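Visitor: Quick one, structure for this:
(chains A, B, C and D)
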Protein chains: 2
Amino acid sequence: MERRTEKRTNERTEKQSDLRDQTEARIMRCAIEVFAESGYAGSSLANIADRAGLSKQNLLYYFSSKQALYLCVLDQILDQWLEKMDILADDSQEPASLLRSYIAAKLRFSREQPQASRVYAMEVISGAPVYGHAMQKKILPLMQKDIAIFERWISEGKMAALNPAHLLFSIWAMTQSYADFSTQMGLVLGHQALQDQDFDEAEELITGLVLSRLLPFSAGSKELKKCR
Amino acid sequence: MERRTEKRTNERTEKQSDLRDQTEARIMRCAIEVFAESGYAGSSLANIADRAGLSKQNLLYYFSSKQALYLCVLDQILDQWLEKMDILADDSQEPASLLRSYIAAKLRFSREQPQASRVYAMEVISGAPVYGHAMQKKILPLMQKDIAIFERWISEGKMAALNPAHLLFSIWAMTQSYADFSTQMGLVLGHQALQDQDFDEAEELITGLVLSRLLPFSAGSKELKKCR
DNA sequence: GTCTATAAAATGATAGAC
DNA sequence: GTCTATCATTTTATAGAC
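Guide: Sure, this is the predicted structure:
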């Protein structure tokens, strides 16, 4: 009897652990939706709990506070994003090819996880009052690494002498906007949600802008043609 | 006595009318600050009233509701913005010159009124639940006008054949980001607030990206050199 | 115009039974 | 883990005295 109880307890513990993970994941998905719509201050636990199908008090069993949930969400978003954007430091590929991959990856993120992008955007626009410290620790190193790569390319004569930080800002802005401002874009393009074709056209235009300026050599023109 | 009272009343009416305008303007300035920090849902009338130096109840004497104040703020922002961005439809100037002016004007707005830019950005990111209808009525016509101008330039052979809508999106994104993401940029650039030099470098880079792609002719190269 | 008073609802969070 | 009950605050907004 004792052994059986113990066995059942172990089984149950595993199953419940799975269930807990599932519930946490569900809550975080719903939290991303709500935070993307209303920002941190404008979102309510009740709204998130409703969407996740549990009570406000029960939500607070899984996440001890609103801020804890928010930080958890931002951590997840950042980690996914940083993982996918570590692209430029591949010495075996040409700058043009790497930049194309970089732009494509960032646009893919805007297309596949627009809400995650919006949560992050709202936090930054608000002045990063909650996540500023973590941003500094997590994002800054990667950005500075990418900037250093641009500087090396310039010194090696592989790209035009542009300000690396501002180039990165512009690439980020253009690609990110396809998540953050998709409402407005949909309005202009005449359909409610952005379609695959819109993202294809965006990638072509952004890649063209960047490469035509960065690679104003004969090789560059060749690369540019390849991209169109 | 009556006449004097009347006169004083008239005087007072004028002065009070001025005062009212001043108070309303002060409230709106403070409201922009707060909405830019926390978005619509995350902002409270108490916070706005505090900054404006009056009571919450008194604020509601000037603006009948939170939403009324918000709409007023967005109207003001949009009108100022639309007025300054009606640039491309000047037949006496070359496309390159007009685009340079367009980019410069948009960047100037990001520098001089970053909070206004952020309020608008947050509304769009949220899906424009409050201001969507007004956006459609106010912004769409201007955007479509500018897109039509790009199309004319293309058909006249004055610029490369790019997707006009997406080109506009990219220009908007790059310039707007210097208001919306200035927190993050300051972090990377190593100083808390963006400086005049940062905006100069941004203008150079953005103009270079756009013009080098749009004007791949001999005249274009000349224009590009002028801009550096 | 500004004040006090107040309503009515929503907020984040805790305690304790089951 | 989920529930009921509860708390202290804060929220938008209104009513009415001065």
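
Visitor: got a list of what A:L54 touches?
Guide: A:L54 makes contacts with A:23, A:27, as judged by C-beta atoms under 8 Å, 6 or more residues apart in numbering or on different chains. For glycine as for every other residue, the C-beta is placed from the backbone atoms N, C-alpha and C.

Visitor: wait, doesn't A:D86 sit right on A:L142?
Guide: Yes: applying C-beta atoms under 8 Å, one finds A:D86 in contact with A:L142, separated by 6.8 Å.

Visitor: how does chain A divide into domains?
Guide: A:2-64, A:73-227 (automatic domain parsing).

Visitor: okay if I get the ones you listed as a markdown table plus distance to DNA strand C and mean pLDDT?
Guide: Formatted as a markdown table, those follow (distance: least, C-beta to the nearest atom of the strand, whole Å; pLDDT from 0 to 100):
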| stretch | distance to DNA strand C | mean pLDDT |
| --- | --- | --- |
| domain A:2-64 | 3 | 87 |
| domain A:73-227 | 12 | 93 |
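
Visitor: which one of those domains has the most crowded surroundings?
Guide: domain A:73-227 (a mean of 18; mean count of other C-beta atoms under 10 Å in any protein chain shown).

Visitor: Need the nearest residue in space to A:I149, chain neighbours excluded.
Guide: A:L88 (4.8 Å; C-beta to C-beta, 6 or more residues apart in numbering or on different chains).

Visitor: for A:A116, same thing?
Guide: A:I77 (4.4 Å).

Visitor: And the strands in chain A?
Guide: For chain A, strands defined by DSSP state E do not occur.

Visitor: For chain A, which segments count as helices?
Guide: A:2-42, A:45-52, A:56-62, A:66-84, A:95-112, A:114-125, A:132-155, A:164-180, A:182-189, A:196-214, A:218-227 (DSSP state H).

Visitor: that older thread, just checking, the residue nearest to A:I149 touches A:R100?
Guide: No: shown here, A:L88 and A:R100 do not form a contact pair, counting by C-beta under 8 Å, at 11.2 Å.

Visitor: and the residue of chain A found nearest DNA strand D, how far is that from A:Y61?
Guide: DNA strand D sits closest to A:R20 of chain A, with a gap of 3.2 Å, by C-beta to the nearest atom of the strand. Per C-beta to C-beta, to the nearest Å, A:R20 is found 10 Å from A:Y61.

Visitor: Same question for A:D196.
Guide: 41 Å.

Visitor: Kindly report the same for A:G208.
Guide: A:G208 is 52 Å from A:Y61, by C-beta to C-beta.

Visitor: cool, and A:H166?
Guide: Going from A:H166 to A:Y61 by C-beta to C-beta gives 47 Å.

Visitor: ok, back up a step: wait, what's in contact with the residue of chain A closest to DNA strand D?
Guide: So A:R20 contacts A:Y62 (C-beta under 8 Å, 6+ apart).

Visitor: Could you do A:D79 as well?
Guide: Contacts of A:D79 (C-beta under 8 Å, 6+ apart): none.

Visitor: Output the set of residues of chain A in proximity to DNA strand D.
Guide: A:16-17, A:19-20, A:23, A:54-55, A:57-58, A:61 (C-beta under 7 Å from any atom of the strand).

Visitor: So which residue is smack in the middle of chain A?
Guide: With distances taken as C-alpha atoms, centre = their mean, A:W81 lies nearest the centre of chain A, 4.2 Å away.

Visitor: Chain neighbours aside, what residue packs nearest to it?
Guide: Leaving aside its sequence neighbours, A:W81 sits nearest to A:F109 (C-beta to C-beta, 6+ apart; 6.3 Å).

Visitor: got it, and A:Q93?
Guide: Here the residue nearest A:Q93, using C-beta to C-beta, 6+ apart, is A:S101, at 7.8 Å.

Visitor: For the one you found, give its distance to B:K15.
Guide: Taking C-beta to C-beta, one finds A:S101 at 65 Å from B:K15.

Visitor: what sits against the nearest residue to A:S177 once chain neighbours are set aside?
Guide: In space, and not counting its chain neighbours, A:S177 is closest to B:A173: 3.6 Å by C-beta to C-beta, 6+ apart. B:A173 makes contact with A:173-174, A:176-177, A:181 under the criterion C-beta under 8 Å, 6+ apart.

Visitor: Kindly report the same for A:A104.
Guide: Here A:A104 is in contact with A:203, A:207 (criterion: C-beta under 8 Å, 6+ apart).

Visitor: how does it look with 10 Å?
Guide: Listed by C-beta atoms under 10 Å, 6 or more residues apart in numbering or on different chains, the contact set of A:A104 reads A:87, A:175, A:199, A:203, A:206-207.

Visitor: what does A:S155 give?
Guide: A:A161.

Visitor: just A:E37 next, same as before
Guide: Per C-beta under 10 Å, 6+ apart, neighbours of A:E37: A:43, A:47, A:115, A:118-119, A:122, B:39, B:41, B:125-127, B:129.

Visitor: do A:L168 as well
Guide: Counting by C-beta under 10 Å, 6+ apart, the residues that A:L168 touches are A:88, A:102, A:143-144, A:146-147, A:149-150, B:185, B:188.
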